[in-house]
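Asks: Coordinates only, no sequence provided:
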């Protein structure tokens, strides 16, 4: 089925370990996003990529890096995991890009539940 | 600084009755608003949206109302069904945040049979 695929679905890391969360979309969307969801905080934007070759910081970028590998793939890297990064991570894509469009709807992946101990 | 706020963490409604979920925003540059629905262990899915040039948008059982002067929007679900039980997120975009969505904290809706 078309959509956004995230891997892995679950991960447990020790403090200081590194890992990369993978995201791929097959809808030919220009824009891709990484959000984290924490209780009582809603979804907060970590990084986004308005189009292939560009990335920008969101609301909570500290401790993360991203790579827009091509139009389909947008990865999120934790270089040295901390317990504060325990969260559910969602990747999303949209057609919005930087041009005016009536459709701001995001398509989300099913999430990666990350626990840092 | 929470620019989009959903002040009710949870709402419980009887099947067949109306569910009203509320959302407030502070950024006057926001001009497009969306509601997302999320089931456990799934990603959020787009439900309905409204542009600031309108004050109401309907899609079947779902209606979103926008009051720009009060910086307030609401989602009405009529009639509510048990399958509507989920977390509902309000989101907004516009101005310098164009294309990026700012989400509220979410409201857990439980519809009892």
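Replies: That came through, no problem. All of these numbers come straight from a predicted model, not from anything done at the bench. Numbering: from 1, shown residues only, chains lettered A, B, ... in the order given.
Asks: can you give me the strands for chain B?
Replies: Along chain B, the segments classed as strands by DSSP state E run B:4-5, B:10-14, B:19-25, B:32-38, B:45-51, B:56-59, B:62-67, B:72-77, B:86-93, B:102-103, B:107-112.
Asks: Pick out the residue nearest the middle of chain A.
Replies: Ranked by distance to the mean C-alpha position of chain A (C-alpha atoms, centre = their mean), the top residue is residue A:34 at 2.3 Å.
Asks: after the helix or strand hosting that residue comes which helix or strand?
Replies: Under the criterion DSSP states H and E, the helix or strand holding residue A:34 is strand A:31-38. On the C-terminal side of strand A:31-38, the closest following helix or strand by DSSP H and E is strand A:42-49.
Asks: List the strands paired with that next one, with their directions.
Replies: Taking DSSP bridges as the criterion, strand A:42-49 pairs within the sheet with strand A:31-38 (antiparallel), strand A:56-57 (antiparallel).
Asks: Kindly reformat these as TSV containing distance to residue B:16 and mean pLDDT.
Replies: In short, each C-beta sits where N, CA and C put it, glycine included. TSV is the format used below for the strands paired with strand A:42-49 (distance: least, C-beta to C-beta, whole Å; pLDDT from 0 to 100):
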stretch	distance to residue B:16	mean pLDDT
strand A:31-38	31	95
strand A:56-57	46	94
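Asks: And the pLDDT for residue B:31?
Replies: Looking at residue B:31, its pLDDT reads 89.
Asks: Any idea how many residues pack against it?
Replies: Counted by other C-beta atoms under 10 Å in any protein chain shown, the residues lying close to residue B:31 total 15.
Asks: Report the separation between it and chain A.
Replies: Taking C-beta to the nearest C-beta, to the nearest Å as the measure, residue B:31 and chain A are separated by 10 Å.
Asks: For that residue, list the residues it contacts.
Replies: Shown here is residue B:31, whose contacts under the criterion C-beta atoms under 8 Å, 6 or more residues apart in numbering or on different chains are B:51, B:52, B:93, B:94, B:95.
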